[in-house]
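K.L.:
next come a sequence and a model predicted from it.
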Amino acid sequence: MTPPMTTIATTASGSGSAAGDSLARDALAVLQPGFDGTTAPDWVRRRIGEGLASVALFGRNVVSEDQVTALTAHLRAERDDLLIAIDEESGDVTRLDVRTGSSFPGNHALGAVDDPDLTRAVSRELGRRLAACGVTFDWAPSADVNADADNPVIGVRSFGASPDLVARHTAAWVEGLQSTGVAACTKHFPGHGDTNVDSHHAVPRIDVDADTLYERELPPFRAAIAAGTRAIMSAHILVPALDPDRPGTLSRRVLTELLRGELGYQGLIVTDGMEMRAISGTYGLEHGVVLAIAAGADAICVGGGLCDEGTVLKLRDALVAAVRSGELPAERLADAAARVRDLAAWTAAARGDAGKTAPDPEIGLVAARRALTVTRTGPAAPVTEPVYVAQFNPAPNIAVGDQTPWGVAAELQRLLPGSASGSFTGEGAGDAVLAAAGGRRIVAVVRDEHRHDWMRSALSALLAARPDTVVVEMGLPQAPPRGTLHIATYGAARVCGVAAAEAVVAG
C-alpha cells in the first residue's frame, strides 16, 4: 500500500541531509548507464562514489580485451563490487567482438544443433572471457520464442520456434555463464518473439490470448528461473491479455504480479533500454523511468544512445522528485536499490569462479561447424578456383548495429587466394553482381532472404544467369534452398562465416 504523500515527503527528506543523501544514493544505484570512450570518464568515477552501482559497456567502449580489462579495473578501483554490464549475446549481437565478429555462434545456431551440453559449453567459455575482462553482468540470453519468422528484431537471436527447445537451451546458457561468476540476464520478458515491430522504434503489440502466452512465451522464463538466472530483462511490448494499457516494462501486472507473484522470481528485474522509442517516445524518458521502478523494475538500462552525465543526473533527480511527491513509494525505490546491491555482492563473491574454468577457445568454431545445414540441389563442380563473393546487405537492426563485419569473403580470400568481393543492396543488385563477377564462380551471401523482396529478386536473377552459384544464408533459413550448393549457418557470427567458407571449399 502506498503511504500518504506527506509521509513519503517527510521520510525522504528527513530532518536533515542524511535521508536526502540516502534517497539520492538509492536513485543512482538503480541506474545502469553507458558512457562514451574507451577509458573511464571522470564523471562516471565521481558518480560511483556517490552511489552509482552499475555501468554498462557497449561497442563504442571496446577496442580489445586488454583495453576492456584496463577499463574495468579503473572503474572497479572506485567500487570493488561495481556491476559492469555488457550486451553480449554472442552471434549477431556482440560487443566484446564488435570489430571482428563473434567467436561464438548465436542462439539460433545452438538451437539448430539442439545439444544443451554444447550450449552450456559455449556460454561457459563466453563467461570465462567476460570475467577475465572484468565484466560481471551480461544482458543475455534471449529467451524469446521466435513465433513470427518476419520478426524484425529477434530472428537468429532466438534459439528457435519451439517453447520446449528454447526453454532447455535458455537454462543451459544461464547455467554455463553463471558457472563463471558472471550474472545472466534472461530477456525479453514476457516474450518478444511474436512481434512484427522493433521496440527500438515503436511499441510492439502481441495480440494473443492468455493461454497462448502461458504455453508459448513463458516456459523459457520458467526454465531460466529454475536454472537460477540472476536477472530478467523486461520487454517494451504491449500484451493486452496481461495489461491493455501499459507495455511490460511499465506494467505492475507483468513485473510484480506475474513475474514476481505467479512465477515466484526473486532476482533482479532490469528494463530494456529506456531510450528506445517504445518508452521515451511515448512516455518520456524521465517519467518512463519512474513508472518502471513503480511497476516493479529494479534497474534501469540506459546508455545505448544516451551516455552523458546530464542524463544520469536528470534520471536521478526524477526518481527523487517522484518519491517526494508521492508518485513513487520510498520503500519501492529502496527495495530496488537493495536488489542491485545484492547482485553486485554476489558477483564480487563469485569473482574467482572463472579461474576454475578451463579455457576452451575452439568451442565456438566447433559449434558453428555443427550447426551448418548443407543442401545440394544439383550436380556442380567443386569450388577450387578464386571466386566472387557477393554479399547482399539488408539494413541492420539497432540491436545488431552496423559496426560488426559479417559474411564469408575474408575467409574465402584466405582459402582461395585471388578471390574478390562486393556488397550489394536494393533493386538491380543481381545484375550488378553479374557485371562485377566477370567469369568467376559466384558465392552469394544473403541474410533473411525471406524478409526482403529485393534480395529474393536479386538472387533469382543471379541464379537464372549463373545456376552454378553457391548460396550462403546467414540469417533465418526460411526460404527454400536455392543454388547448386546451399549452406545455412543460422547466424552471421565470424565463426559461422569461417564454417561456411570451409563448406564452400569442401563442396
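P.N.:
Yep, it's here. Numbering: from 1, shown residues only.
K.L.:
quick one: Arg128 from Gly326, how far?
P.N.:
47 Å (CB to CB, to the nearest Å). Placement of C-beta: from N, CA and C, glycine included.
K.L.:
so what's Arg263 up against?
P.N.:
No Arg there; residue 263 is Leu. Leu263 sits next to Leu218, Phe221, Arg222, Ile225 when contact means CB atoms under 8 Å, 6 or more residues apart in numbering.
K.L.:
mind running it again at 10 Å?
P.N.:
Under the criterion of CB atoms under 10 Å, 6 or more residues apart in numbering, the neighbours of Leu263 are Phe189, Pro190, Leu218, Phe221, Arg222, Ala224, Ile225, Ile232, Glu257.
K.L.:
for Gly134, same thing?
P.N.:
Listed by CB under 10 Å, 6+ apart, the contact partners of Gly134 are 57, 65, 68-76, 82, 84, 351.
K.L.:
before we move on, what about Ser423?
P.N.:
Going by CB under 10 Å, 6+ apart, Ser423 touches Val389, Ala390, Gln391, Phe392, Asn393, Gly407, Ala409, Ala429, Val445.
K.L.:
please name the nearest non-neighbouring residue to the second one.
P.N.:
Distances taken as CB to CB, 6 or more residues apart in numbering put Val433 closest to Ala390, at 4.2 Å, once the chain neighbours are dropped.
K.L.:
more neighbours, Arg128 and Gly326?
P.N.:
Arg128 (25 against 17; other CB atoms under 10 Å).
K.L.:
ok so that one is a helix residue?
P.N.:
Yes - counting by DSSP: H, G, I helix; E, B strand; the rest coil, Arg128 is part of a helix.
K.L.:
ok, it to Ala349 distance?
P.N.:
Distance of Arg128 to Ala349, computed by CB to CB: 18 Å.
K.L.:
how about the strands in the stretch 151-300 of the chain?
P.N.:
Per DSSP state E, counting those that start in this stretch, the stretch 151-300 of the chain carries strands over the ranges 183-189, 231-234, 268-270, 300-302.
K.L.:
mean confidence score for the longest one?
P.N.:
So that's strand 183-189. For strand 183-189, mean pLDDT is 97.
K.L.:
angle of the lengthiest helix in the chain against strand 183-189?
P.N.:
Assignment by DSSP state H gives helix 330-349 as the longest helix of the chain. Orientation check (axes from the mean of the first three to the mean of the last three CA atoms, to 10 degrees): helix 330-349 against strand 183-189 gives 130 degrees.
K.L.:
if you count neighbours, what's buried in helix 330-349?
P.N.:
Across helix 330-349, burial judged by 16 or more other CB atoms under 10 Å covers 330, 332-334, 336-337, 339-341, 343-344, 346-348.
K.L.:
kindly report the same for stretch 456-467.
P.N.:
Buried residues in stretch 456-467, counted by 16+ other CB under 10 Å: Arg456, Ala458, Leu459, Ala461, Leu462, Leu463, Arg466.
K.L.:
elements contacting the helix or strand where the third one lies?
P.N.:
Meaning Leu459. Here Leu459 sits within helix 453-465, counting by DSSP states H and E. In terms of contacts (3 or more CB pairs under 10 Å, 6 or more residues apart in numbering; DSSP states H and E), helix 453-465 is packed against strand 387-392, strand 420-424, helix 429-437, strand 441-446, strand 470-473.
K.L.:
of all those, which one comes closest to Arg316?
P.N.:
Across the helices and strands packed on helix 453-465, Arg316 has its closest neighbour in strand 420-424 (43.7 Å, CB to CB).
K.L.:
buried ones in the closest one, by neighbour count?
P.N.:
Within strand 420-424, the residues scored as buried using 16+ other CB under 10 Å are Ala420, Ser421, Phe424.
K.L.:
how about the contacts made by the last one?
P.N.:
With contacts defined as CB under 10 Å, 6+ apart, the neighbours of Phe424 are 390-393, 430-433, 436, 444-445, 454-455, 458, 462.
K.L.:
going by distance to Ala503, which of these wins?
P.N.:
Using CB to CB, Val445 comes nearest to Ala503 of the contacts of Phe424, at 12.7 Å.
K.L.:
wouldn't the closest one be in contact with Ala410 here?
P.N.:
No - counting by CB atoms under 10 Å, Val445 does not reach Ala410; the two are 11.6 Å apart.
K.L.:
between those two, point out the one with more neighbours.
P.N.:
Comparing Val445 with Ala410 by other CB under 10 Å, the one with more neighbours is Val445, at 27 against 19.
K.L.:
and that one, what does it touch?
P.N.:
Counting by CB under 10 Å, 6+ apart, Val445 has contacts 389-393, 406-409, 412, 421, 423-424, 470-474, 487, 489, 492, 497, 500.
K.L.:
now do Gln266
P.N.:
Applying CB under 10 Å, 6+ apart to Gln266 gives the contacts Ile225, Leu259, Arg260, Arg339, Asp342.
K.L.:
list the contacts of Leu372.
P.N.:
105, 109, 112-113, 472, 487-490, 496, 499-500, 502-503.
K.L.:
against Val290, how distant is Leu343?
P.N.:
As judged by CB to CB, Leu343 and Val290 stand 22 Å apart.
K.L.:
related to what we said a few turns ago, could you dump the contacts of Leu372 to TSV with neighbour count, pLDDT and secondary structure?
P.N.:
Shown next, in TSV, are the contacts of Leu372 (neighbours: other CB atoms under 10 Å; pLDDT from 0 to 100; DSSP: H, G, I helix; E, B strand; the rest coil):
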residue	neighbour count	pLDDT	secondary structure
Pro105	37	98	coil
Ala109	32	98	helix
Ala112	23	98	helix
Val113	20	98	helix
Val472	28	98	strand
Ile487	26	98	strand
Ala488	25	98	strand
Thr489	32	98	coil
Tyr490	27	98	coil
Cys496	36	98	helix
Ala499	26	98	helix
Ala500	28	98	helix
Glu502	18	98	helix
Ala503	20	97	helix
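K.L.:
any idea which of these is closest to Asp26?
P.N.:
Nearest to Asp26, judged by CB to CB, of the contacts of Leu372 is Pro105 at 40.2 Å.
K.L.:
would you agree that closest one is in contact with Gly364?
P.N.:
Yes - Pro105 lies in contact with Gly364 (CB under 10 Å); the separation is 6.5 Å.
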